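In: Fold the following.
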Amino acid sequence: MGSEHIHVVSKQDNTRHADAPPPFNDAAEWGIVPALGLARVTDTTLPSFPVGSRLWGIWPTSSHRVDLRLESVESPTSGLWAETSPHRSRLMAMYNRYQSINLAMTLLPPSGPSSADTSSIHPLGLPHLPWTNKDADLNGAVVVSLSAASKTGRSLAWKLTRNRDRAGGDPMALLQLTSSPQTLASLAESDDQTPSLTITPAAYTDPIDEAAPTRVVVLEFGSPASVLDGFMDALSASAIAPATVLQSKRLGKVQINTSGVRDRGKEAAGAAEYSRASDAAWERYYRENGLGDINLRRLPVSAARRKKENMELIW
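Out: Presented below is the predicted three-dimensional model:
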């Protein structure tokens, strides 16, 4: 659980929580947003799931039991499962996907696989929406990451510098804007993997001074509403100021949907290969300190279950 859950909660009318049917209207027992995590199997009719085994996926924010109707994805030995209950059929796919987990593996969420040898995918993940190579081209661009200290923002920096197919060219620079630039990872200095782009961490209020790019691509990861407008003001006074500064409503905004993108990635690579590459990418990301100065710990399952303060630390 993390800032994205707080963001979702802040966008909802929390008073509607009381409209849910009992017992789900008890705010002391049920949260109003789901959370990624592990669950222990307490009863099963599937030989693949002995009692005591664990599943990784998205769960209600509660300590109650959850009934799942699972079917294997691709093969019975893939370790990947789809929830097929009729009442969950309208949920996005990522909310209905589960993975068998060996307890030796990390308790933290995996990153996505490399995009090498994969055709361009529209950020919404809808197969009928066009997304050309020109749309996806970052060659010579300055990539601006707003809320760069978020977990998603940190993973973007690592992907651009360490886990990117460079056949199509690299961006000129990555500008990481955040209220806490001192916490970001120093990806320019590690394991002789010098990135081919300039990385500049900066506070939201710092002046922008980059070489003139062919394109500016802004990725917004849940920063405060005023940040984009403030960035455009700073851009207009910088060395990379466009001839015409667009108002927010005229910007070429494109929304991203993680579930849809994951679906298209699995179609392209296969679900088992996608999962394998995700796990491998996450292990590299963790080993190379892509997280930067974030105090995340790999807690043993027994410790996470034993002490309330460990749950507070995870939050």
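
In: Find the nearest non-adjacent residue to Ala185, please.
Out: The shortest distance from Ala185 to any non-neighbouring residue, by Cβ to Cβ, 6 or more residues apart in numbering, is to Gly292 (3.5 Å). Using the backbone N, CA and C atoms, a C-beta is placed for each residue, glycine as well.

In: Apologies, that question was intended for Glu83.
Out: Asn96 (4.1 Å).

In: what's the distance between that neighbour and Ser226?
Out: The spacing between Asn96 and Ser226, counted by Cβ to Cβ, to the nearest Å, is 36 Å.

In: Report how many residues lie close to the residue nearest to Glu83.
Out: 20 (other Cβ atoms under 10 Å).

In: From Arg276, how far out is the residue lying closest to Ser53 once chain neighbours are set aside?
Out: Closest residue in space to Ser53, ignoring its immediate chain neighbours: Val41 at 4.9 Å, by Cβ to Cβ, 6+ apart. As for Val41, its distance to Arg276 is 23 Å (criterion: Cβ to Cβ).

In: now do Gln99
Out: With Cβ to Cβ as the criterion, Gln99 and Arg276 are 11 Å apart.

In: what do you get for His122?
Out: Applying Cβ to Cβ to His122 and Arg276 gives a distance of 24 Å.

In: sorry, back to before: which residue of Gln99 and Arg276 possesses the greater neighbour count?
Out: Gln99 (20 against 15).

In: which of the residues in stretch 37-52 are buried?
Out: Buried residues in stretch 37-52, counted by 16 or more other Cβ atoms under 10 Å: Gly37, Leu38, Ala39, Val41, Phe49.

In: actually stretch 129-148, not the one I typed
Out: Buried residues in stretch 129-148 (16+ other Cβ under 10 Å): Trp131, Asp137, Leu138, Ala141, Val142, Val143, Val144, Ser145, Leu146, Ser147, Ala148.

In: can I get these in JSON lines with pLDDT, distance to Phe24 and secondary structure?
Out: Shown next, in JSON lines, are those (pLDDT from 0 to 100; distance: Cβ to Cβ, whole Å; DSSP: H, G, I helix; E, B strand; the rest coil):
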{"residue": "Trp131", "pLDDT": "86", "distance to Phe24": "38", "secondary structure": "coil"}
{"residue": "Asp137", "pLDDT": "82", "distance to Phe24": "46", "secondary structure": "coil"}
{"residue": "Leu138", "pLDDT": "83", "distance to Phe24": "44", "secondary structure": "coil"}
{"residue": "Ala141", "pLDDT": "85", "distance to Phe24": "46", "secondary structure": "strand"}
{"residue": "Val142", "pLDDT": "86", "distance to Phe24": "47", "secondary structure": "strand"}
{"residue": "Val143", "pLDDT": "88", "distance to Phe24": "42", "secondary structure": "strand"}
{"residue": "Val144", "pLDDT": "88", "distance to Phe24": "41", "secondary structure": "strand"}
{"residue": "Ser145", "pLDDT": "89", "distance to Phe24": "37", "secondary structure": "strand"}
{"residue": "Leu146", "pLDDT": "88", "distance to Phe24": "35", "secondary structure": "strand"}
{"residue": "Ser147", "pLDDT": "87", "distance to Phe24": "32", "secondary structure": "coil"}
{"residue": "Ala148", "pLDDT": "87", "distance to Phe24": "37", "secondary structure": "coil"}
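
In: Just name the closest of those to Pro21, please.
Out: Closest to Pro21 out of the buried residues of stretch 129-148 is Ser147 (36.2 Å), distances taken as Cβ to Cβ.

In: Dump the helix or strand Ala280 falls within to PDB, keeping only the CA atoms.
Out: Assigned by DSSP states H and E, Ala280 belongs to helix 271-287. Output of helix 271-287 as PDB, limited to C-alpha atoms (Å, rounded to 0.1, in the frame of the first residue of the first chain):
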ATOM      1  CA  ALA A 271       1.700 -14.500 -19.800                       C
ATOM      2  CA  ALA A 272       4.400 -16.800 -18.400                       C
ATOM      3  CA  GLU A 273       7.200 -14.900 -20.200                       C
ATOM      4  CA  TYR A 274       5.800 -11.600 -19.100                       C
ATOM      5  CA  SER A 275       5.700 -12.700 -15.500                       C
ATOM      6  CA  ARG A 276       9.300 -14.100 -15.700                       C
ATOM      7  CA  ALA A 277      10.600 -10.900 -17.200                       C
ATOM      8  CA  SER A 278       8.700  -8.800 -14.600                       C
ATOM      9  CA  ASP A 279      10.300 -10.800 -11.700                       C
ATOM     10  CA  ALA A 280      13.800 -10.500 -13.300                       C
ATOM     11  CA  ALA A 281      13.300  -6.700 -13.900                       C
ATOM     12  CA  TRP A 282      12.200  -6.200 -10.300                       C
ATOM     13  CA  GLU A 283      15.200  -8.100  -8.900                       C
ATOM     14  CA  ARG A 284      17.500  -5.900 -11.000                       C
ATOM     15  CA  TYR A 285      15.700  -2.700  -9.900                       C
ATOM     16  CA  TYR A 286      15.900  -3.600  -6.300                       C
ATOM     17  CA  ARG A 287      19.600  -4.700  -6.500                       C
END
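
In: Many thanks, we can stop here.
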